[in-house]
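Colleague: Just a sequence and a predicted model for now, questions to come.
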Amino acid sequence: MTHAHFKPLLAVLRGERQPRPPLWLMRQAGRYLPEYRALRAEKGGFLDLVYDSEAAAEVTLQPLRRFAFDGSILFSDILIVPHALGQHLEFRVGEGPHLSPRLADAALEDLAPVLERFDPVYDTVRRVKAQLTPGTTFLGFAGSPWTVATYMVNGEGSRDQAAARRMAYGDPVRFGALIDAIVTTSIDYLSGQIAAGVDAVQLFDSWAGSLSPAQFDDWVIAPNRAIIDGLRARHPDVPIIGFPKGAGGKLAAYAAGTGVDAIGLDETVDPDWAARELPADLPVQGNLDPLALIVGGSQLESAARSIISAFEGRPHIFNLGHGILPDTPIAHVEQLVAIVRGA
C-alpha cells in the first residue's frame, strides 16, 4: 500500500494506533441530512432507495462530502437478509419494518429464498468504490444472527425480543436452524460485499443485551464466531468489527469468543472500564452518546474528550455508541469533527 493510499481507519482495524482516532458515525448516511431527505422524498420508500443502486450510492457518499469522515458505510439495512431468505419486507410510515410471514407462526422451510435481492447492494458497493477518495475506508455490514432472527420470528421490532427468546428456550432446534440459515446467508452476503469492494465489515447485534449469559453464548457468541470463521476462510485479510449493543460486562467474553478484529462499544459502556478490561491490543470503536451530539456545546466537548483520553493508549476509532439521530444539528457534527481532528 503506497502512502498516498494510506487508510487510517483500516490501519486501526489492523491494530495500528494512529496519532488521532479516525472517525465515522453509525447511520451517518441518513435522515439528519437535508440532501438525504430530499432524495428520499423523490425516490419514495426506504426500501426503494436501498434497491436503487445509483440512489443508494449517492446516499452513502453524501456524508463524506460534508464531513470527510475516515470511513464510509454502505447505505442498506440489516433486514435485506430476511428479505433474501424469502420473507416479505415493507417499511411502514411511522411504524418501522414489517416482515411476513412471521416465523413464530410459519416455517422457515416454507420460504422461497430470493438471493438475487443482494445484487443491487453489490452494485451499490461497486458504484461507491469507484467514487471514494483513496484514504477512505469503505465498510460493509450485516446484522448479526440473533438480532436478525428477532425480527424474523416476531415480524417486527419489539422492546424485549420476547417472541424470539421464547422460541430459543422452547424450541432450540428450530431456532438453531433459523440461526444457521442466517449465518450461511450472511457469510455469502458479506463475501459478496467484499468482492464488490468494501475494505472491512461490521456485524450489528443491536439486541445482544436482551439475553441471559447462557443464551448469549449460544445465540450471540457462537453464530458471530461462525460468520467470522466463514469469512476469514474466504477473505483472510478483511477486518471484521463486532458491535454487540447492550453486552456490557459480557464484552470481554464476546471479544475472546468471536475473534473479532475490533469491538464496537455502545454509549452505556464506561470507556475507562473498557480500556482496562478488554485486551490491550484490541481495537475499540465508540462510544459517544448520540444525545450528547444533539445537545452539542460543552457537553459534547467533554464527553468526546473523555472517550479520546480513555482510549489514547490503544487502537481507537471514534464513533457514536449507537446510530446518529434524525434531529442532530449539522453544526454539532461539524463541532465533533473539529474536536476529534484536533485531538
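Modeller: The structure has been received and is ready for your questions. Numbering: from 1, shown residues only.

Colleague: Tell me the predicted confidence for Cys255.
Modeller: Check again: residue 255 is Ala, not Cys. On pLDDT, Ala255 comes in at 98.

Colleague: Apart from its neighbours in sequence, what residue is nearest Ala195?
Modeller: For Ala195, ignoring the flanking residues on the chain, the nearest one in space by C-beta to C-beta, 6 or more residues apart in numbering is Tyr122 at 7.6 Å. Just so you know, the C-beta spots here come from the backbone N, C-alpha and C atoms, and that holds for glycine as well.

Colleague: Now that the one you found has come up, it's in contact with Ala196, right?
Modeller: Yes: between Tyr122 and Ala196 there is a contact at 4.3 Å, judged by C-beta atoms under 8 Å.

Colleague: When those two are compared, which one has more neighbours?
Modeller: Between Tyr122 and Ala196, counted using other C-beta atoms under 10 Å, the more crowded position is Ala196 (21 against 18).

Colleague: how about the residue lying closest to the more buried one once chain neighbours are set aside, secondary structure?
Modeller: Excluding its sequence neighbours, the residue lying closest to Ala196 (C-beta to C-beta, 6+ apart) is Val125, at 3.8 Å. Counting by DSSP: H, G, I helix; E, B strand; the rest coil, the backbone at Val125 sits in helix.

Colleague: Is Val125 in contact with Gln193, as I believe?
Modeller: Yes: applying C-beta under 8 Å as the test, Val125 and Gln193 come out as touching, 5.6 Å apart.

Colleague: what's the overlap in contacts for these two?
Modeller: Leu74, Gly140 (C-beta atoms under 8 Å, 6 or more residues apart in numbering).

Colleague: returning to what we had before: contact partners for the residue nearest to Ala195?
Modeller: Gly192, Gln193, Ala195, Ala196.

Colleague: And those residues, which is closest to Glu95?
Modeller: Gln193 (28.3 Å; C-beta to C-beta).

Colleague: Which residue comes closest to that closest one once chain neighbours are left out?
Modeller: Gly140 (3.5 Å).

Colleague: What's the first helix or strand after the helix or strand containing the one you found?
Modeller: Taking DSSP states H and E as the definition, Gly140 sits inside strand 137-143. For strand 137-143, the following helix or strand on the C-terminal side (DSSP H and E) is helix 145-154.

Colleague: which residues sit against that following helix?
Modeller: 78-79, 81-82, 85, 87, 97, 99, 102-104, 142, 157-158, 161-164, 167, 175, 178-179, 182-183, 186, 204-208, 211, 219-220, 223-224, 227.

Colleague: before we move on, back to that, check which helices and strands the strand holding Gly140 is in contact with.
Modeller: The contact analysis (3 or more C-beta pairs under 8 Å, 6 or more residues apart in numbering; DSSP states H and E) places strand 137-143 against helix 8-13, strand 71-73, helix 119-131, helix 172-196, strand 200-205.

Colleague: and that strand with helix 145-154, angle?
Modeller: 40 degrees (axes from the mean of the first three to the mean of the last three C-alpha atoms, to 10 degrees).

Colleague: returning to what we had before: how much space between the residue nearest to Ala196 and Ser72?
Modeller: Between Val125 and Ser72 the distance is 10 Å, computed by C-beta to C-beta, to the nearest Å.

Colleague: ok, back up a step: for the residue nearest to Gln193, the count of nearby residues, please.
Modeller: 25.

Colleague: Now do the same contact list for it.
Modeller: Ile73, Leu74, Val125, Leu190, Gln193, Ile194, Val198, Ala200, Val201, Gln202.
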